[in-house]
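**Student:** Fold the following for me, if possible:
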Amino acid sequence: MVKILIVEDKKLLREALGQVIERYYGSFDAVADSSKALKCLALNDYDLVISDNNMVRANEGLELMVMLEARYPDVKRILTSGVLMSVDDPMDYCAHAFLEKPYELSAVRDTIDSLLAER
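**Tutor:** Take a look at the predicted model:
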């Protein structure tokens, strides 16, 4: 079974992502900031983390991606942002994929499917 962590400060988006993940992938946790995400990561094994970039702090998601790459290198990482970012290579941001908001939930599914197929 796949386990996914959603890190998104906007409740409606967090819930919408949760519905998609629950329907297609099963198990997930959802939190509103990186400090809660790190607590979840210490207690659970995740296959993938989807994180917004700008939450309580600017670039909070990017900081989380850097920590994930160092501490949990096998966890696939998706960074999202509604703020214009120049992303030629998501790995420049320690992420395996980048989704610009607003995004279609089908794009989230396609991205997750692609990353999980790489495992």
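**Student:** Regarding the most centrally placed residue in the chain, what is its secondary structure?
**Tutor:** The residue lying closest to the centre of the chain (Cα atoms, centre = their mean) is residue 50, at 0.9 Å. Residue 50 falls in the strand class when you classify it by DSSP: H, G, I helix; E, B strand; the rest coil.
**Student:** correct me, but it touches residue 18?
**Tutor:** No - taking Cβ atoms under 8 Å as the definition, residue 50 is not a contact partner of residue 18, at 10.3 Å. From N, CA and C alone the C-beta is placed, and that goes for glycine too.
**Student:** Mutual contacts of the two, please.
**Tutor:** Overlap of the contact sets of residue 50 and residue 18 (by Cβ atoms under 8 Å, 6 or more residues apart in numbering) consists of residue 6.
**Student:** Can you give the strand pairings for the worst-scoring helix or strand of the chain on mean pLDDT, parallel or anti for each?
**Tutor:** Averaged element by element with mean pLDDT, DSSP states H and E, the chain has its least confident helix or strand at strand 97-100 (a mean of 91). The strands that strand 97-100 pairs with in its sheet are strand 76-81 (parallel) (by DSSP bridges).
**Student:** So what angle separates the directions of the partner strand and strand 48-52?
**Tutor:** Compare the direction of strand 76-81 with that of strand 48-52 by axes from the mean of the first three to the mean of the last three Cα atoms, to 10 degrees and you get 10 degrees.
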